[in-house]
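K.L.:
dropping a prediction and its sequence here:
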Amino acid sequence: MSASFTKSTARNIFYGGAVFFFLLFLALTFDTTQALPKRDNRVNLTEQVARGKNIWETRNCIGCHTLLGEGAYFAPELGNVYQRRGPEFIKAWIKGQPTGAPGRRQMPQFHLTDGELDDLVAFLKYSSEINTNNWPPNIEG
Amino acid sequence: MNQSVTLSASANPREVPGDLAMWFFILAELLVFGVFFLAYGYARAHDPATFVAGQRQLALGVPTVNTLLLIAGSASVSAAVRAFVLDRQRTARRLLWLTVALGMGFVVLKCGEFAGKFAAGITLSSDTFWMFYLSLTFFHFLHVILGMVIIGAVAVYARDGRYRPGQLAGVETAAAYWHMVDLVWVVLFALVYVAR
Amino acid sequence: MSTSTTAVLDTPRGVEEHAATRLKYRSQAVAKPYFIAAIGLFFGQIVFGLIMGLQYVIGDFLFPEIPFNVARMVHTNLLIVWLLFGFMGAGYYLIPEESERELHSPKLAIITFWVFLVAGALTIVGYLSVPYATLAKLTHNEILPTMGREFLEQPTITKVGIVLVALSFLYNLSMTVLSGRKTSVSLVMMLGLWGLAIFFLFSFYNPTNLVLDKYFWWYVVHLWVEGVWELIMGAMLAFVLIKVTGVDREVVEKWLYVIIAMTLISGIIGTGHHYYWIGTPGYWQWWGSIFSAIEPIPFFMMTLFSFNMVNRRRREHPNKAAVLWALGTGVMAFLGAGVWGFLHTLAPVNYLTHGTQLTAAHGHMAFYGAYAMVVITMISYTMPKLRGREANSRGAQKLEMVSFWLMTLAMVAITLFLTAAGYVQVSLQRMGTTPMPFMVAQDHAATYYWLREASGVVFFIGLALYIISFFVKGKTDEAAH
């Protein structure tokens, strides 16, 4: 009862389907880039934020924390830490590491200057103002 | 429209016409559209006001013509398959090109409709109704273009007379895809444009 | 090892192999160091996994020598690199055999191997020996900052090295394919490998705009693991199934096309399930949910495919272990990528589970089930041949199969315990009127983390047995057939 089932048709469908859906994905990507200016808080992308992002990256913060839910799940979400803790707490916390509490998870001491701490906080503030469709569900991240 | 499928040249009535690989593809596409339609229904049930307000702005004339164009395309592609069964090659090829032309009519009218919406500042991010409207119609629009490419390719291949009675898998495969595109449009038309 | 390279393989009924157990093409031998390196790095990955697992419950373990972020970077980067070594070894073995000619340049393949190994080792040493910020400074990250993003932590210079290694590898294989027989298996494999290299180029794009950064980061990560890598996986699995079952190539290849077509139909737009909460427009919640709802289908088809092909086998291949790995890949890829992916892929669920231990649970089983296992399948099938025999001795295979079950069941356990930890985390930290802070919720999941670590130890024992199985001697019992 099996009808014809040829490799060449299967192959054509694979190539056709792949191209079709990739083009569709590019079209949606294009629409996304058009829609982002209203959502991604780019008006607040200052030089200071750029420096802060560089500090974020070169200290590999993503190796323990999540940012907008992406990263490692060892330490708290930082996309909304600016609202949760406020700038002064964040800076004091980073300066005070590691806590050295026995058996507790430890964060390294990064020896950041006051200027660098301000940059990092500016980056976290910018991140916290991105329109994330109301994620995370609550302040605890 | 689906009756044309059973008019295939297959000797065994239990066989599907065309290539099984295409039927996997068709099933996958129907699944995607099916889930999309369910999502539409779910979203509509949660926010009927937005959907009704959006639907009020949709004119029915052009999409009705478009529905007729696609159904006519289905009729002409089935007629093409029948013509191949009778080995009337030239008629069959002309009917395939007629299908492509009817598809082109759909594409032109649809582009006009899209242009109007874009001019009115409607985007995927406008509201949930317009998100579904644009997503579904644009996704389907791409399928019409793919259907035209497939039918056109078969029409070009047919020039060397390769589709003869008993060797119609290729043309049946293409016809099956077109019928799927048509079927999805009928549901989409009913759901998005008509049902208010 | 015999010096003759003209052996007859694929004898229909699995007889006469004792005299015919050598490589079809001598240059396939370059795959061997790649596979050995892959297993070595796999071992390293698991060691660091155990360290991290312990740090989840004994927070200051090995602090400050190996902070968690360093261990994680080593763990994930070793995974990626050993899988790449595995894919490359598979390519060097599979492409000559499919193309029916010697590799374009075996010498280049060996040079590429050493360049990749040394670059990889230096990077790992860099991670472990100096603070990450120092590594960034030493490698002049400021010229083109690409470091410090998940999975793409490598210094920019290492990324350039990866591109060069990939180009050399692709040049070598493409020249071989172009001058030889073109099969569907080799074309799909090449498409996957070229896609891998091309999408990696997005790792050099790191805008200050965090949303754009994240959006295109997924062009590397998602389009790798739920796109082009699946083509590589499908091609490798199809190759091994053709060899061990003797099923007609036409049959295997057309199913391969149908499966990977389904993969890309669902998987490309399925990228949208990462675009729910990172600043991207809300419609991705619909598009992502709809398409990822059908993402399990190709994985399920792959399970059916592997069992179907083995059931329809026309020969009894003496390498039972390879058959077991192939079947295991089909099942575990479906469970890990299909089922555990689906669990939290719909936007309303993901709203609560995004960035929790559930993601970790899915990630572990999917990577093991789809990619680690398919590479081991390939190694299991090819390594005996690379060592001059059709299959390993009965004793060695038995040990290998024990290691299969230990590792696989341990991974199932790890996944279940991480799922439980994720459930605790979601219910305490994400739901309810008085959500707990992160660390308080973590403390509530400690039991599950301990159980996960214990499962990790079992996995480690399984891996150790797997490695030992390479050194078990004994007579190959293929003469018994």
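P.N.:
The structure has been received and is ready for your questions.
K.L.:
now the most centrally placed residue in chain C: closest residue in space, sequence neighbours ignored.
P.N.:
Centroid-nearest residue in chain C: C:Tyr371, 2.6 Å away (criterion: Cα atoms, centre = their mean). Closest residue to C:Tyr371 apart from its sequence neighbours, by Cβ to Cβ, 6 or more residues apart in numbering or on different chains: C:Leu83 at 5.2 Å. All C-beta spots, glycine's among them, are computed from the backbone N, C-alpha and C.
K.L.:
same question for B:Ala79.
P.N.:
Nearest to B:Ala79 is B:Leu95, by Cβ to Cβ, 6+ apart, at 5.0 Å.
K.L.:
try A:Thr46
P.N.:
A:Ala122 (6.9 Å).
K.L.:
for chain A, what are the nearby residues on chain B?
P.N.:
B:10, B:12, B:14-22, B:24-25, B:123-125, B:138-139, B:142, B:146, B:150, B:169, B:173 (Cβ under 8 Å from any Cβ of the partner chain).
K.L.:
give me the buried subset of those.
P.N.:
B:10, B:16-22, B:24-25, B:123-125, B:138-139, B:142, B:146, B:150, B:169, B:173 (16 or more other Cβ atoms under 10 Å in any protein chain shown).
K.L.:
out of those, which are close to chain C?
P.N.:
Answer for these near chain C (Cβ under 8 Å from any Cβ): B:21, B:24-25, B:124-125.
K.L.:
just to be sure, which of those residues are found in helices?
P.N.:
B:21, B:24-25 (DSSP state H).
K.L.:
if we can go back for a sec, mind checking which of the residues of chain B next to chain A land in strands?
P.N.:
Judged by DSSP state E, strands contain none of those.
K.L.:
which of the ones in helices among the ones next to chain C among the buried ones among the residues of chain B next to chain A lies closest to chain A?
P.N.:
Among those, B:Ala21 lies closest to chain A (Cβ to the nearest Cβ), at 4.0 Å.
K.L.:
quick one, grab the pLDDT at that closest one.
P.N.:
On the pLDDT scale, B:Ala21 is placed at 92.
K.L.:
what's around the residue nearest to it when sequence neighbours are not counted, how many residues?
P.N.:
Among residues not flanking B:Ala21 along the chain, A:Ala10 sits closest, at 4.0 Å (Cβ to Cβ, 6+ apart). Applying other Cβ atoms under 10 Å in any protein chain shown, we find 26 residues neighbouring A:Ala10.
K.L.:
go ahead and name everything in contact with the host helix or strand of C:Thr359.
P.N.:
For C:Thr359, the host element (DSSP states H and E) is helix C:357-366. Contact partners of helix C:357-366, identified using Cβ atoms under 8 Å, 6 or more residues apart in numbering or on different chains, comprise A:73, C:225, C:332-333, C:335-337, C:340-341, C:343-344, C:353, C:411-412, C:414-416, C:418-419, C:421-423, C:425-426, C:445.
K.L.:
can you sort out which of those residues also neighbour chain B?
P.N.:
Within these, nothing lies near chain B by Cβ under 8 Å from any Cβ.
K.L.:
helix or strand: which one has the residue lying farthest from the centre of chain B?
P.N.:
Taking Cα atoms, centre = their mean, the residue of chain B most remote from its mean C-alpha position is B:Ala49, at 29.3 Å. Taking DSSP H and E as the definition, B:Ala49 sits inside helix B:48-56.
K.L.:
quick check: buried residues in that helix?
P.N.:
B:50-51, B:54-55.
K.L.:
what does stretch A:37-57 give?
P.N.:
Quick answer for stretch A:37-57 (16+ other Cβ under 10 Å): A:39-42, A:45, A:48-57.
K.L.:
tell me which two of these sit farthest apart.
P.N.:
A:Arg39 and A:Ile55 (24.4 Å; Cβ to Cβ).
K.L.:
residues in chain C within reach of chain B, list them.
P.N.:
Near chain B, when you scan chain C using Cβ under 8 Å from any Cβ, you find C:254, C:257-258, C:261-262, C:265-266, C:281-283, C:286-287, C:289-291, C:293-294, C:297.
K.L.:
now with 6 Å?
P.N.:
Applying Cβ under 6 Å from any Cβ of the partner chain, we find that chain C lies next to chain B at C:258, C:262, C:265, C:281, C:283, C:286, C:290, C:293-294.
K.L.:
and chain A, which of the residues you listed contact it?
P.N.:
Among the residues of chain C next to chain B, chain A is touched by C:258, C:265, C:281 when using Cβ under 6 Å from any Cβ.
K.L.:
who's in contact with the last one?
P.N.:
If you count contacts by Cβ atoms under 6 Å, 6 or more residues apart in numbering or on different chains, C:Pro281 has them with A:32, A:35, B:125.
K.L.:
ok, the second one next?
P.N.:
The contact partners of C:Ile265, taken as Cβ under 6 Å, 6+ apart, are A:17, A:21, B:28.
K.L.:
any chance of a markdown table for these, columns secondary structure, neighbour count and pLDDT?
P.N.:
Output for the contacts of C:Ile265, formatted as a markdown table (DSSP: H, G, I helix; E, B strand; the rest coil; neighbours: other Cβ atoms under 10 Å in any protein chain shown; pLDDT from 0 to 100):
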| residue | secondary structure | neighbour count | pLDDT |
| --- | --- | --- | --- |
| A:Gly17 | helix | 22 | 96 |
| A:Phe21 | helix | 21 | 97 |
| B:Ala28 | helix | 20 | 94 |
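K.L.:
just those residues that are near chain C?
P.N.:
A:17, A:21, B:28.
K.L.:
before we move on, the earlier item: farthest-apart pair in the residues of chain C next to chain B, please.
P.N.:
C:Val258 and C:Pro281 (32.7 Å).
K.L.:
so where's chain A shaky on pLDDT?
P.N.:
Within chain A, the stretches with pLDDT under 70 are A:1-3.
K.L.:
all strands of it, in order?
P.N.:
A:66-67, A:70-71.
K.L.:
circling back to that earlier point, just confirm the residue nearest to the centre of chain C is within a strand.
P.N.:
No. C:Tyr371: not assigned to a strand; according to DSSP: H, G, I helix; E, B strand; the rest coil it is helix.
K.L.:
distance of it from chain B?
P.N.:
As judged by Cβ to the nearest Cβ, to the nearest Å, C:Tyr371 and chain B stand 24 Å apart.
K.L.:
check which helix or strand C:Leu62 maps to.
P.N.:
Residue-wise, C:Leu62 maps onto no helix or strand under DSSP H and E.
K.L.:
and the gap between the spatially most central residue of chain A and chain B?
P.N.:
Closest to where the C-alpha atoms of chain A average out (Cα atoms, centre = their mean) is A:Leu67, at 4.1 Å. According to Cβ to the nearest Cβ, A:Leu67 stands 24 Å off from chain B.
K.L.:
what's that residue in contact with, if anything?
P.N.:
A:78-79.
K.L.:
out of the strands of chain A, deepest packed?
P.N.:
strand A:66-67 (a mean of 24; mean count of other Cβ atoms under 10 Å in any protein chain shown).
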